[in-house]
Structures are given as C-alpha cells and as structure tokens.
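Trainee: when you get a sec, could you give me coordinates for this:
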Amino acid sequence: MALRQEKVCGTFNKGSSAKGARMSIDENTGSLPDVGKAPLIVDVDFVEEEENTALPLNSADVISQPKTGRPLELPLPIVTPAGRARVVTVTNQKGGVGKTTTVINIAAQLGLRGHRVLVVDADSQGNCATGLGVDKSKVKHTTRDLILSPETAVNARHATAVDGVHMIVGDRTLVGLEQEMLRQLGRERRLAEALVPLLPHYDIILIDTPPSLGLVTINALVASDGVLIPVQTEYFALEGLALLAGTIREVRGLLNPQLGVDGVLLTMHAPTLLNQQVANEILEHLPEFVVQPAIRRNIKLAEAPSHGIPIHLHDPNSKGGQDYQGVTDVLEGRWGLN
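Mentor: Sure thing, here's the model as predicted:
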C-alpha cells in the first residue's frame, strides 16, 4: 500500500520581519518568512487525558454519528498531488491511546531525517507544544486563530526543539470553538482553507486531534489526504475502530472524496495474552493497514515530554525510540518521502 509522493520545491525564507508586523508569503520568491521562535521549555509535566469539553454534532451537521456494528471497512489512501505537502490527521475518538505521543515522535523523526514537517495541534490540551519544547504561554497565534481567521496561517507557525519541525499550537481557547462555528457557512472546511498557503512549503503536515468526533475533528479530516489511527491493544479496540471507520466513510462520501487511511498503529502494547490476541485480531481484519512494529509500553517514552523533547532526543535506543523509528521507516515509504 505504498504511496509515492514527489518532493515539494519550496524553501524556507531565512529573512526576518519586524516584530509585531503581519507576515505574508513573498510574492516574488513564493517563500515563507521565518517562523516565530517561542521560548523553549524544559522539565514540565506532560499528561494526555481524555477531554470531555467537545460538543457533539447537532442535527444541522452533515456528518451523523456513526452507528456501531457497521462493517470494519477502511478506504485506501490516494497519492498526494505533486508539489505540496501530504496532510495526515492522527485521530481516535478514544482518549489515552497515544495520539499526541505519535504525532510528536513521528514528526521529530521525520524532521531529523531532513523532511520539512508542520504539526497542527487541534487539541485544547495543547500537549504537542510541551512535547516539542514550545512554551505555549508565549505564543500569540494558535490553532483557534488559524480556523477562525485563515489569514493568520503564516504568522501562527513556531519553531520547535527539532530542526525542520514547525508547529501551530493548540491551547484551551479551542474549548467552545465548535459552538462559535455552528452558525458559520462552510464550517467543516475552515481548516482546509487555512492550510492552503502552507502546503507548498512542507513535505508533511500532521494534525493532532481531540478525543472526540466533533466539528474540530471533522475539520481535520476534511483538510487531510490521509488518516493515521493509533489503537491501543485492548478489549474495546475494534469497537472504537468501527466507530471511527464509519465517520471516515461519511466524511469521504460527503465532504472529502480524497480521504483515505494511511495506517493503523498499535500502541501501548504489552506482552500479555490479551494484548497479543487483540493485536492478532486487528492484523487479521486489517492486514494492509497495520503499521509495524507495535509501540511497546516504555517508561522512557513517557518521560521524554517532561523534558520538552521527543524520544529520539531523550533516549533513541529505548524500546519506544526503536519502535517509533521502525514505524517512521514504514510511513516514510507510504508517504513517498524516502
């Protein structure tokens, strides 16, 4: 199921702009200005927890909540058009499955390999900033600004602790965003529109999402070419995967016909009989989608964000570091980046 993607040709503009002035894409060169350099942070707490603030979709939305018991069918991905980044949403409506950890460490590994990466944090917990060493309290423009005011896309980017990896920070201002968007026309496409000017300047854009299937997550899916689904190898994994598969099919049918699934990633895997049975069942149902190796439970992987760095800078030889290197090898090929 490998994808082929040609390298994009844009480069980052090394010039600086006046502090506080609005930045824009250079009309002569087509390059972006320097990203804002928010202060890096160290030794902070990092907790990924389930969020209960997202509002459910109401009857006015075109995407209905998927029903359980539907066949577990996932759409295959489509090759990214040449000359622009592939946009990938990392999502699962269940919290605590490793979405944010996956975004941080795959982004970092790709950046260390020389790829141009943009992380968009659409989760109000804002943990991507912590794990990539950005002090979100010093950030002026966030993902909320990006969605409500797409013209802020260029200004919203920030440098991280990893060279080649930029990010747009999510924070608590995303809480209540869905209610603000309910009366807006084209509300499902706001993020897609905002990312358009950035697409030629990156190789890959990774979107972290909240643990819900609300309007923010729908925006991410509409903006994406592919979906990466982290699944914890536990008893309810397949049921949750079926729910998400239904949402992906509906988004594909109504709003984004190009959307496909780039992979299913097994996370928090332990050498127990139950974990292995669940992993084998997922492999049996979705052999062409599962990305191996599974991400094993590892204390070093949990420690890394508290230092404001990904696992590849904290302890690359740990089990978690080795697993994410292996996963990135597979995804790099699927995304046409190698």
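Trainee: by mean pLDDT, flag the weakest helix or strand of this structure.
Mentor: helix 177-181 (a mean of 84; mean pLDDT, DSSP states H and E).
Trainee: just checking, what packs against that helix?
Mentor: helix 143-148, helix 215-223 (3 or more Cβ pairs under 8 Å, 6 or more residues apart in numbering; DSSP states H and E). For every residue, glycine as well, the C-beta is placed using N, CA and C.
Trainee: using PDB, write out every CA atom in stretch 230-240.
Mentor: Extracted as PDB, the C-alpha positions of stretch 230-240 are listed here (Å, rounded to 0.1, in the frame of the first residue of the first chain):
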ATOM      1  CA  PRO A 230      -3.400   4.800  16.900                       C
ATOM      2  CA  VAL A 231      -5.200   1.900  18.500                       C
ATOM      3  CA  GLN A 232      -4.400   0.600  22.000                       C
ATOM      4  CA  THR A 233      -4.300  -3.200  22.000                       C
ATOM      5  CA  GLU A 234      -7.100  -3.600  24.500                       C
ATOM      6  CA  TYR A 235     -10.500  -5.200  24.600                       C
ATOM      7  CA  PHE A 236     -12.600  -2.400  23.100                       C
ATOM      8  CA  ALA A 237     -10.100  -1.500  20.300                       C
ATOM      9  CA  LEU A 238     -12.100  -3.000  17.400                       C
ATOM     10  CA  GLU A 239     -15.400  -1.400  18.600                       C
ATOM     11  CA  GLY A 240     -13.800   2.000  18.700                       C
END
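Trainee: now do the buried residues in it.
Mentor: Across stretch 230-240, burial judged by 16 or more other Cβ atoms under 10 Å covers 230-234, 237-238, 240.
Trainee: out of these, which are inside helices?
Mentor: In this view, those that belong to helices under DSSP state H are 237-238, 240.
Trainee: which parts of the protein are strands?
Mentor: Using DSSP state E, the strands found in the chain span residues 86-90, 117-121, 158-159, 165-168, 204-208, 226-232, 260-267, 290-291.
Trainee: now tabulate these in TSV and tack on distance to residue 330 and mean pLDDT.
Mentor: Output for the strands of the chain, formatted as TSV (distance: least, Cβ to Cβ, whole Å; pLDDT from 0 to 100):
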stretch	distance to residue 330	mean pLDDT
strand 86-90	13	98
strand 117-121	17	98
strand 158-159	28	95
strand 165-168	19	97
strand 204-208	14	98
strand 226-232	11	96
strand 260-267	7	96
strand 290-291	5	96
